[in-house]
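Engineer: show me the folded form of this:
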Amino acid sequence: MIYRVEVSPEVLSQIEAQATYYRSEEVSESTITDWMLGLYDRFMNLKEHPKRFPVDEVRTLNKGYEIRRLNYGEIGVFYRVYDEQPLVEILDIRHGRRLPKLD
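Structural biologist: Below is the predicted model of the structure:
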């Protein structure tokens, strides 16, 4: 089964904020572009096997529904799978070295 992948506007803002942070650290535009393309590629790879990544037990417990996590370098990508639609919803991204958002 092929799943549709949706990226929320909040996640798009988080991606842009991370790119802005990289720019402030004087990371080259080509490196930032490669990072973004790689991240979107990871999102799209969820189309075929979205359940291959582990359930994030803490977020699942806090939210009351299953949330999975994939890692892209130091970025954690948190997402939800809807089998009946079929849909993968990208909910959140977090950089491992930055302070976590309290949910």
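Engineer: can you pull the contacts of the most centrally placed residue in the chain?
Structural biologist: Note on the chain: the residue nearest the mean C-alpha position is Val77, at 2.8 Å, using C-alpha atoms, centre = their mean. Residues in contact with Val77 (C-beta atoms under 8 Å, 6 or more residues apart in numbering) are 39, 42-43, 69-71, 90, 92-93. Placement of C-beta: from N, CA and C, glycine included.
Engineer: redo that, cut-off 6 Å
Structural biologist: 70, 93 (C-beta atoms under 6 Å, 6 or more residues apart in numbering).
Engineer: in its sheet, what does the helix or strand containing it sit against?
Structural biologist: Using DSSP states H and E, Val77 sits in strand 75-82. Partners of strand 75-82 in the sheet, by DSSP bridges, are strand 68-72 (antiparallel), strand 87-95 (antiparallel).
Engineer: may I see the buried residues of that strand?
Structural biologist: 75-81 (16 or more other C-beta atoms under 10 Å).
Engineer: now distance to Ser24 too, for the residues you listed, in a markdown table please.
Structural biologist: Shown next, in a markdown table, are the buried residues of strand 75-82 (distance: C-beta to C-beta, whole Å):
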| residue | distance to Ser24 |
| --- | --- |
| Ile75 | 17 |
| Gly76 | 21 |
| Val77 | 22 |
| Phe78 | 24 |
| Tyr79 | 27 |
| Arg80 | 31 |
| Val81 | 34 |
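Engineer: compile those residues into CSV and extend it with columns for distance to Gln14 and pLDDT.
Structural biologist: Below are these laid out as CSV (distance: C-beta to C-beta, whole Å; pLDDT from 0 to 100):
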residue, distance to Gln14, pLDDT
Ile75, 9, 94
Gly76, 11, 95
Val77, 10, 96
Phe78, 11, 97
Tyr79, 13, 98
Arg80, 16, 98
Val81, 20, 98
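Engineer: can you check the pLDDT for the nearest residue to Glu48 once chain neighbours are set aside?
Structural biologist: Nearest residue to Glu48, sequence neighbours excluded (C-beta to C-beta, 6 or more residues apart in numbering): Ile2, at 6.4 Å. Listed pLDDT for Ile2 reads 96.
Engineer: next one: the one 4 residues further on
Structural biologist: The per-residue pLDDT reported for Glu6 equals 98.
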